[in-house]
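In: quick one, fold the following:
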Amino acid sequence: MTELTDLTHAASIRNEKKARSGPDRARVRRRLPELQSLERIVSEAPPSVTAQVLTRVSAGDLTLPVYRVDVGNAPDDAPALLVVGGVHGLERIGTQVVLAWLESLCHRLRWDQHLAELLDRVRLVFVPLLNPGGMMQNRRSNPGGVDLMRNAPLMAQSRSTWLLGGQRVSARLPWYVGEPEAGMEAESRALESVVQDLVTGRPFSVSLDCHSGFGLQDQIWFPYAYRRRPMRRIADVMALKLLWEQAYPHHNYVFEPQSAHYLTHGDLWDYFYKQINRESDGRFLPLTLEMGSWRWVRKRPRQLLRLDGLFNPLLPHRHQRVLRSHLVWLDFLLSSTAHYHQWLPDAAQERTLRQAALLHWYR
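Out: Model prediction:
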């Protein structure tokens, strides 16, 4: 069973931090400042922001919490938005982008009545740091060597890229999928519990998983990663893409199915999407923000000399630019989720949009 410990008061967060000894607190502060920032944001947040510990994971001799943070008071039948970061420990910028938006919302809730009313209409949930052990140890995988985005019980239907698509050779090599008999890792199960709790029974839900990786452009990926054929609700993705481009025509994102780049085994979002399709009548769109890290490396080639430099902007002004550059997209997702009935295609529109999607992405 996934552990769910209520931490709805600032005192509970403080107790969670005090449970670490003095040397442990210093190590976490030095090597995992993102966890410190998350706990500070929640402890200072208004009452409509609550937190839970989904599970705890070991990283060496430390035990670290995986938090779920809920924002607002929307009812159980409201649409939902789930924002995730830190799946890959090396990609700190993903967690930092999520925390930047969470902190902005917490401050705005103190005076922004429009935002408070919006959050009465849409359920907003964060899992800002899914893999604290991997981030603590500065590695892509979790402390057990398993790549969480290759960890679901789902195999690619065609040949995947060697190693990159997932491998069972060794946990010492990247993209290790884990042993099948061991099941999914604790972090993956924790995320699964959030998806099942949040999405099941709702009319419409969106998730955004924030990553960084090789490329010169920021990309919005959608399933599938395990096959090249389109997802069932591809018309919904096209409708969202058009909505975004009409509202913000000068954006820099590229919308693409992940399979346009490579196929992988064990993709978590493919697995969750297929589960929800089987178990729920609602509509669920899992999206991934893949920030293009080659731009940062191209502008500062010496970042190639550092492992974290391959995936994160290291100069302060570039880091700040990245943190603010995705706030419009995140605000858009919140508003479009709350008002999904205004743009989600009906049966007649769905046929047209599906054909447009097939021509655009699968031609």
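In: report how many residues lie close to the nearest residue to Leu62 once chain neighbours are set aside.
Out: Leaving aside its chain neighbours, Leu62 sits nearest to Asp24 (5.9 Å; criterion: CB to CB, 6 or more residues apart in numbering). From N, CA and C alone the C-beta is placed, and that goes for glycine too. If you count neighbours by other CB atoms under 10 Å, Asp24 ends up with 15.
In: where does Asp24 fall, phi/psi-wise?
Out: phi -70, psi -40 (degrees, to the nearest 10).
In: distance of it relative to Arg278?
Out: Using CB to CB, to the nearest Å, Asp24 is found at 43 Å from Arg278.
In: could you do Ser188 as well?
Out: 18 Å.
In: go on, Arg189?
Out: Applying CB to CB, the value for Arg189 to Arg278 is 18 Å.
In: again, but for Arg121
Out: To Arg278, Arg121 is 28 Å away according to CB to CB.
In: the more surrounded of those two?
Out: Higher neighbour count among Arg121 and Arg278: Arg121, with 16 against 7, using other CB under 10 Å.
In: mind listing what that one touches?
Out: Neighbouring residues of Arg121 by CB atoms under 8 Å, 6 or more residues apart in numbering: Ala74, Ala78, Pro79, Ala338.
In: what is the nearest of these to Val97?
Out: Val97 lies nearest to Ala338 out of the contacts of Arg121, by CB to CB, at 20.8 Å.
In: burial count for that closest one?
Out: 23.
In: got a list of what the closest residue to it other than its chain neighbours touches?
Out: Excluding the flanking residues, the one nearest Ala338 by CB to CB, 6+ apart is Val122, at 3.9 Å. Counting by CB under 8 Å, 6+ apart, Val122 touches Gly72, Ala74, Ala78, Pro79, Ala80, Leu81, Leu334, Thr337, Ala338.
In: do the same with Val83
Out: Contact analysis of Val83 by CB under 8 Å, 6+ apart lists Val98, Trp101, Leu102, Leu124, Val125, Phe126, Val127, Pro128, Ser207, Leu208, Cys210, Leu330.
In: what's the answer for Phe311, then?
Out: When contacts are counted by CB under 8 Å, 6+ apart, Phe311 touches His88, Leu90, Glu91, Arg92, Ile93, Ser212, Gly213, Ser293.
In: just the ones of those residues in helices?
Out: Per DSSP state H, helices hold the following members of these: Arg92, Ile93.
In: could you redo the contacts of Phe311 as CSV and give each row pLDDT?
Out: Shown next, in CSV, are these (pLDDT from 0 to 100):
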residue, pLDDT
His88, 98
Leu90, 97
Glu91, 98
Arg92, 98
Ile93, 98
Ser212, 97
Gly213, 89
Ser293, 95
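In: the contacts of Phe311: which two are farthest apart?
Out: Taking CB to CB, the two most distant members of those are Arg92 and Gly213; they sit 13.0 Å apart.
In: about what we covered before: let me have the contacts of Val122 in a markdown table, extended by pLDDT.
Out: Converted to a markdown table, these look like this (pLDDT from 0 to 100):
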| residue | pLDDT |
| --- | --- |
| Gly72 | 95 |
| Ala74 | 95 |
| Ala78 | 97 |
| Pro79 | 97 |
| Ala80 | 98 |
| Leu81 | 98 |
| Leu334 | 98 |
| Thr337 | 98 |
| Ala338 | 98 |
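In: let's see which of these end up in strands.
Out: Among the contacts of Val122, the residues falling in strands (DSSP state E) are Ala80, Leu81.
In: what about the helices in the stretch 51-200 of the chain?
Out: Using DSSP state H, counting those that start in this stretch, the helices of the stretch 51-200 of the chain run over 92-108, 113-118, 132-136, 186-199.
In: and the ones you listed: which comes nearest Leu304?
Out: Closest of the helices of the stretch 51-200 of the chain to Leu304 is helix 92-108, at 16.6 Å (criterion: CB to CB).
In: what does that closest one rub up against?
Out: With CB under 8 Å, 6+ apart, helix 92-108 has contacts from 34, 37-38, 41, 44-46, 49, 69, 71, 83-88, 115, 124, 126, 128-129, 135, 209-212, 289, 291, 308, 311-313, 319, 322-324, 326-327, 330.
In: for these, which PyMOL command selects only the ones that are buried?
Out: Selecting the buried subset of the contacts of helix 92-108 in PyMOL, with 16 or more other CB atoms under 10 Å as the burial test, is done by:
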select buried, resi 34+37+38+41+45+49+69+71+83+84+85+86+87+88+115+124+126+128+129+135+209+210+211+212+289+291+311+312+313+322+323+326+330
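In: nearest to Arg354 among the contacts of Phe311?
Out: For these, the nearest to Arg354 is Gly213 (28.4 Å; CB to CB).
In: confirm Cys210 sits in a strand?
Out: Yes: the assignment for Cys210 is a strand, going by DSSP: H, G, I helix; E, B strand; the rest coil.
In: surely it touches Gly85?
Out: Yes: between Cys210 and Gly85 there is a contact under CB atoms under 8 Å: 4.6 Å.
In: pick the most buried one from the helices of the stretch 51-200 of the chain.
Out: Of all the helices of the stretch 51-200 of the chain, helix 132-136 has the most neighbours on average by mean count of other CB atoms under 10 Å, namely a mean of 27.
In: residues contacting the residue nearest to Ser259 when sequence neighbours are not counted?
Out: In space, and not counting its chain neighbours, Ser259 is closest to Arg228: 4.7 Å by CB to CB, 6+ apart. When contacts are counted by CB under 8 Å, 6+ apart, Arg228 touches Gln157, Ser158, Ser259, Leu263, Tyr362.
In: any idea which of the residues you listed has the most stuff around it?
Out: The contacts of Arg228, ranked by neighbours (other CB under 10 Å): first place Ser259, 26 neighbours.
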